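K.L.:
Next input, structure requested:
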Amino acid sequence: MKKDIHPDSYRTVAFKDMSDGTIFLTKSTIQTKETEVVDGVEYPVVKLEISSSSHPFYTGKMKLVDTAGRVDKFMNRYQKHMDARKK
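P.N.:
You can find the predicted model right below:
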């Protein structure tokens, strides 16, 4: 392996899936202000809306993942459209 190819800020970071609480530990240079304790060790944490542990493609389950209310907004617009067609 080549020496000195990684940046100085390359360290272990926790990536947390907010939809199911799964935490992945991996190396990264991402800068974060928040930390999380995993197995008694404190790591910088990056919060994710979805990851392979909760995405329907990887889990095989068709569950609705909506953290920002986008589905509700769509359903409201769609319902207004359907109501207008009935008239």
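K.L.:
tell me, how many neighbours does residue 2 end up with?
P.N.:
Applying the criterion other Cβ atoms under 10 Å, we find 5 residues in the vicinity of residue 2. To be clear about C-beta, it is placed using only N, CA and C from the backbone, and glycine gets the same treatment.
K.L.:
pLDDT score for it?
P.N.:
The model reports residue 2 with a pLDDT of 82.
K.L.:
Can you tell me how far it is from residue 11?
P.N.:
In this structure, residue 2 and residue 11 are separated by 19 Å, where distance is defined by Cβ to Cβ, to the nearest Å.
K.L.:
now swap in residue 42 and tell me
P.N.:
Taking Cβ to Cβ as the criterion, residue 42 is separated from residue 11 by 12 Å.
K.L.:
helices and strands of the chain: which one bottoms out on pLDDT?
P.N.:
Each helix and strand of the chain was given a mean pLDDT (mean pLDDT, DSSP states H and E); the minimum falls on helix 56-59 at a mean of 60.
K.L.:
so residue 76 is in which element?
P.N.:
When secondary structure is defined by DSSP states H and E, residue 76 falls within helix 70-86.
K.L.:
show me the contacts for the spatially most central residue of the chain.
P.N.:
The central residue of the chain, meaning the one whose C-alpha is nearest the mean C-alpha position (Cα atoms, centre = their mean), is residue 48 at 2.1 Å. If a contact means Cβ atoms under 8 Å, 6 or more residues apart in numbering, then residue 48 has 15, 16, 17, 18 as its contacts.
K.L.:
Strands - which of those land there?
P.N.:
Secondary structure of these is defined by DSSP state E; positions in strands are 15, 16, 17.
K.L.:
a markdown table please, covering these and showing neighbour count.
P.N.:
Shown next, in a markdown table, are the ones in strands among the contacts of residue 48 (neighbours: other Cβ atoms under 10 Å):
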| residue | neighbour count |
| --- | --- |
| 15 | 19 |
| 16 | 19 |
| 17 | 19 |
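K.L.:
From the residues you listed, pick the one nearest residue 33.
P.N.:
For residue 33, the nearest member of the ones in strands among the contacts of residue 48 is residue 16. The distance, counting by Cβ to Cβ, is 14.1 Å.
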